[in-house]
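Participant: Whatever this is, show me its structure:
(chains A and B)
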Amino acid sequence: MQSISSQTSKPEWLSSNLLLQPFLWAMSWLDYILAPLQNLIGYKRMAYFFVLPNLLIFGIFILIPMLLNFYYGFTGGDSILLENRPVVGAANFEKIFSCQDFFKPNTCAEDLFWRGAWNTLTFVVFQVAFIILMSLITALALNRDVRGRGFFRAIFFYPVLLSPVVVALIWKWILQYQNGLLNAFLVSLGLTKVPWLLDANWAQFWVIAVSVWAQMGFFTLILLAGLQGIPKEMYEAASMDGANKWRSFWNVTLPLLMPTMTVVLVLALIRAVQVFDQVFVLTNGGPGTATLYIVQYIYRTAFEFRNYGMAAAASLVLAVVLLILTIGQLLFQRRQEAA
Amino acid sequence: MQTITTFLTRRHGGKRLDVADIITYAYLLAGVLVMFGPVLWLILSSFKPLSGLYEFPPTFLPYKQESVKVEGYDKPLDLYDVKMADGSVRRLAQISQVGIGARVIDPAAPQSDPIDIKLDQRAPVRSITFEWDNYIGAVEKFPFLTYLQNSVIVTTAATLVTLLINSMAAFALSKYEFRGRDAILLIIISTLMVPVSVILIPAFLVIAKVGWTNNLWGLIIPGAATPTGVFLLRQYMLTIPDDLIQSARIDGASEWRIYGQIILPLAAPALAVLAIFSVMWRWNDFLWPLIVVSKTELFTLQVGLNAFQGELNQQWNYILAMTVLTLLPITLVFAFLEKYITTGIATTGMK
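Facilitator: Here you go, the predicted model:
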């Protein structure tokens, strides 16, 4: 026991008595209540007691909603109460998928869904590509023998901690048309002001750029950990074989980084598909529907239009997409582990 | 010249800076500008008076127009450096402005006749001043402190509950053989990837049925049973040897004692990581409180900030100050626990 507690490094603030004392007191107090319980059911069944609170909350607030979602998806009406909702079968799904041309949202019965879906696809492709590229470059830079590495790492990571609302407001302020910093910069170069968030293309660009800004530090850290996990001997062996830096990057770094890259890719994909809160504050889906993404479509359909059935059906479609992504990752990982 | 560059580029270990190093530093320094610049701009802007915020082009530092109290005028008058017809520059106070002209007066001699000047003759007298009124206003005119209080309550309570129930479940799932264990584990792992957005509507119904809409419990409890936390703690607890538990049992320790006095202290590093994440999740949470809470007095900071910025008549001076106040706590946490947070994320790959 002694040897183990010395191995594990405890944070200092946790071992300080001030925090620990009331905690220990509560623990021993609870023991008086729980000892009879253990005598009653036996020590092995105490496992159920330990798992119960978590399971209860998990069941009520995650599992049951997941099952209820199916019921919502197959019922109609504008009541949120289950008993007031008429069963409509697959009508919601039929409506979603009734399109003359899936690439033209105008021809779809539920055109906002498809607008959201295609916008999300564009967002995901560009955002994930940029975020992986930028975090790979940054991780490679931070993996070099640079001074003040801790400082740089912290700076690149810092935006990850900021809430989506704060991130959106910071950029909304910079991208202001009338007196924003960026337009001031353009004017000082002799150019004219650009309505960054009111022009459809620019708004799409900035929504992607801002989310790359806010999240890349997270992926940089994971890639950096992956880079540092590559044994030095591999590089030494490569340079002994006469490989230059570029070749050793292609033949050593990238292949060995692949497992980490897969994790990063899937995490980035899953997160990008769910993009919502930051865009909600930055553009609120606008101008028009230029930055309306699928989660915001669900939110609007449910809580503004009160069409809970349609929203649930859409969220089930989203869940299927996420499931495919997750399973894809698992299969890919297994294949890599086997190889 | 040669020796100077040699001196400047000399490094520890005798190696010299090469092109790749220079590119690396250039990239990292540009990164500092891009990553931290916007936050710095926010902070500087939050100290500007309203007139400074709407000035174009904006100034980098917060300036304030200097004014002076002149006898015979109710309000303090703005000071200007006026270039007179004879080329001299006098510091005068402006009484009024009409069209392209202004009427100014010498503040030292309020009885003297006002002077009419053209606007392009004058330049405002300004000094760098940090305008705390934005912060005072944000706190006084808006229920900022209420939002802050709600956020603190939710974050603290939710983190404590999360740590307790997640560690209990992780203990059961890692150290006991019991019927249904594998099934529970499978369900928990398979929901690791389920986002709130997918179960938005039924989750809201459940909250409504439980009676927790417009109740802080509705924000605290549902997210506490996080699969990520259980999974993380379980993986960590698997590395704690079972022998410890066996010998404690032989010594007559109850299961609760084993949990509280052996497992928890040994799992402290993993608990610390989860605690940091939980604080981050809850402090920054937006979608869930947006749905669950509709009464203003129960808004968290994030929801309050959003509601405030969405108002038709945006008062940017207060919005900026509130934004700074919102990002301050998490920034302080980061400043103190940077090492834990970055290594925690690198090893667990979660956020």
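Participant: how about stretch B:242-261: buried residues?
Facilitator: Within stretch B:242-261, the residues scored as buried using 16 or more other C-beta atoms under 10 Å in any protein chain shown are B:244, B:245, B:248, B:253, B:254, B:255, B:256, B:257, B:258, B:259, B:260, B:261. For every residue, glycine as well, the C-beta is placed using N, CA and C.
Participant: tell me the contacts of the third one?
Facilitator: Counting by C-beta atoms under 8 Å, 6 or more residues apart in numbering or on different chains, residue B:248 makes contact with B:257, B:258, B:262.
Participant: give me every residue that touches the second one.
Facilitator: Taking C-beta under 8 Å, 6+ apart as the contact definition, residue B:258 lies against B:245, B:248, B:249.
Participant: From these, which land in helices?
Facilitator: Judged by DSSP state H, helices contain the following of the contacts of residue B:258: B:245, B:248, B:249.
Participant: so which of the residues you listed comes closest to chain A?
Facilitator: The closest of the ones in helices among the contacts of residue B:258 to chain A turns out to be residue B:249 (C-beta to the nearest C-beta; 7.0 Å).
Participant: that older thread, output the contacts of residue B:258 as CSV; include the columns pLDDT.
Facilitator: Output for those, formatted as CSV (pLDDT from 0 to 100):
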residue, pLDDT
B:245, 90
B:248, 90
B:249, 90
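Participant: now residue B:31, what's its secondary structure?
Facilitator: Under the three-state scheme (DSSP: H, G, I helix; E, B strand; the rest coil), residue B:31 adopts helix.
Participant: and the gap between it and residue A:167?
Facilitator: 17 Å (C-beta to C-beta, to the nearest Å).
Participant: Neighbour count: the two, which is higher?
Facilitator: Higher neighbour count among residue B:31 and residue A:167: residue A:167, with 26 against 22, using other C-beta atoms under 10 Å in any protein chain shown.
Participant: And that one, which helix or strand is it part of?
Facilitator: Using DSSP states H and E, residue A:167 sits within helix A:164-174.
Participant: send the alpha carbons of that helix over as CSV?
Facilitator: The C-alpha trace of helix A:164-174 is given here as CSV (Å, rounded to 0.1, in the frame of the first residue of the first chain):
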residue,chain,number,x,y,z
PRO,A,164,-18.9,29.1,-27.1
VAL,A,165,-20.9,32.2,-26.2
VAL,A,166,-17.7,34.0,-25.2
VAL,A,167,-15.9,32.9,-28.4
ALA,A,168,-18.8,34.1,-30.5
LEU,A,169,-18.9,37.5,-28.8
ILE,A,170,-15.2,38.0,-29.1
TRP,A,171,-15.4,37.5,-32.9
LYS,A,172,-18.6,39.3,-33.3
TRP,A,173,-16.9,42.3,-31.9
ILE,A,174,-13.9,42.0,-34.2
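Participant: when you scan it, is anything in it near chain B?
Facilitator: Yes: interface with chain B: helix A:164-174 contributes A:164, A:165, A:166, A:169, A:170, A:171, A:172, A:173, A:174 (C-beta under 8 Å from any C-beta of the partner chain).
Participant: contacting residues for residue 213?
Facilitator: Since you didn't name a chain, this refers to chain A. Neighbouring residues of residue A:213 by C-beta under 8 Å, 6+ apart: A:159, A:167, A:171, B:34, B:35, B:38.
Participant: Not quite, go with chain B.
Facilitator: Counting by C-beta under 8 Å, 6+ apart, residue B:213 touches B:204, B:207, B:292, B:293, B:294.
Participant: Pretty sure the fourth one sits against residue B:304.
Facilitator: The one in question is residue B:293. No: using C-beta atoms under 8 Å, residue B:293 makes no contact with residue B:304, being 10.0 Å away.
Participant: Tell me where chain A is predicted with low confidence.
Facilitator: By pLDDT under 70, the low-scoring segments of chain A are A:1-20, A:339.
Participant: before we move on, what about the stretch 251-351 of chain B?
Facilitator: For the stretch 251-351 of chain B, the stretches flagged by pLDDT under 70 are B:312-313, B:348-351.
Participant: Just the helices from it, written as ranges.
Facilitator: When secondary structure is read from DSSP state H, counting those that start in this stretch, the stretch 251-351 of chain B shows helices at B:255-257, B:264-266, B:268-284, B:287-292, B:301-309, B:316-348.
Participant: Can you add distance to residue A:247 and give the ones you listed back as CSV?
Facilitator: Listed next are the helices of the stretch 251-351 of chain B as CSV, based on distance: least, C-beta to C-beta, whole Å:
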stretch, distance to residue A:247
helix B:255-257, 58
helix B:264-266, 46
helix B:268-284, 38
helix B:287-292, 47
helix B:301-309, 48
helix B:316-348, 28
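Participant: Would you map the helices across the stretch 51-200 of chain A?
Facilitator: For the stretch 51-200 of chain A, applying DSSP H, counting those that start in this stretch gives helices covering A:64-73, A:91-96, A:111-143, A:149-161, A:164-174, A:181-188, A:200-228.
Participant: can you tell me if the first one touches chain B.
Facilitator: Yes: between helix A:64-73 and chain B, judged by C-beta under 8 Å from any C-beta, the touching residues are A:64, A:65, A:66, A:67, A:68, A:69, A:71, A:72.
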